[in-house]
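S.K.: predicted model and sequence below, questions to follow.
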Amino acid sequence: MTRVTPLDKLRVPLGGQEIELQQIDYEGGGMSLLRTRIREKSRFTVFEVDAQTAAEWGRALLRWAEAQEALRDG
């Protein structure tokens with residue numbers, strides 16, 4: 001049986017998409033994956049990434065957000 005652990009749930013202010021983050025642990029063991037589930041009205045996009053990819057993606061998101069803050073503050 002696959003174990004799904006909810007991690008976070010976000011709503012995008014513009015567009016209203018719902019983003020859910022879940023940890024996925026498969027019955028056979030091995031590595032945990034991060035599932036990102038995006039709901040746009042009746043359409044869903046779901047993908048799973050390993051820890052290294054999640055870390056790289058997270059750093060890219062932070063760089064972008066920090067650049068946007070600098071533009072607002074500058």
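M.R.: Looks like it came in fine. In this text, all values refer to a predicted model and were calculated from it rather than measured experimentally. Numbers count the residues shown, from 1 in each chain.

S.K.: if I look at the residue lying closest to Q17 once chain neighbours are set aside, how far off is V46?
M.R.: Excluding its sequence neighbours, the residue lying closest to Q17 (C-beta to C-beta, 6 or more residues apart in numbering) is E40, at 5.1 Å. For every residue, glycine as well, the C-beta is placed using N, CA and C. Between E40 and V46 the distance is 12 Å, computed by C-beta to C-beta, to the nearest Å.

S.K.: repeat for V4
M.R.: 12 Å.

S.K.: any common contacting residues for the two?
M.R.: R35 (C-beta atoms under 8 Å, 6 or more residues apart in numbering).

S.K.: and the residue nearest to the spatial centre of the chain, what pLDDT?
M.R.: The residue lying closest to the centre of the chain (C-alpha atoms, centre = their mean) is T36, at 4.3 Å. pLDDT, T36: 98.

S.K.: what sits against it?
M.R.: T36 neighbours (C-beta under 8 Å, 6+ apart): I19, E20, L21, V46, F47, E48, V49.

S.K.: and Q22, what are its bridge partners?
M.R.: Taking DSSP bridges as the rule, Q22 bridges to P6, R35.

S.K.: burial of it, as a residue count?
M.R.: Using other C-beta atoms under 10 Å, Q22 has 18 neighbouring residues.
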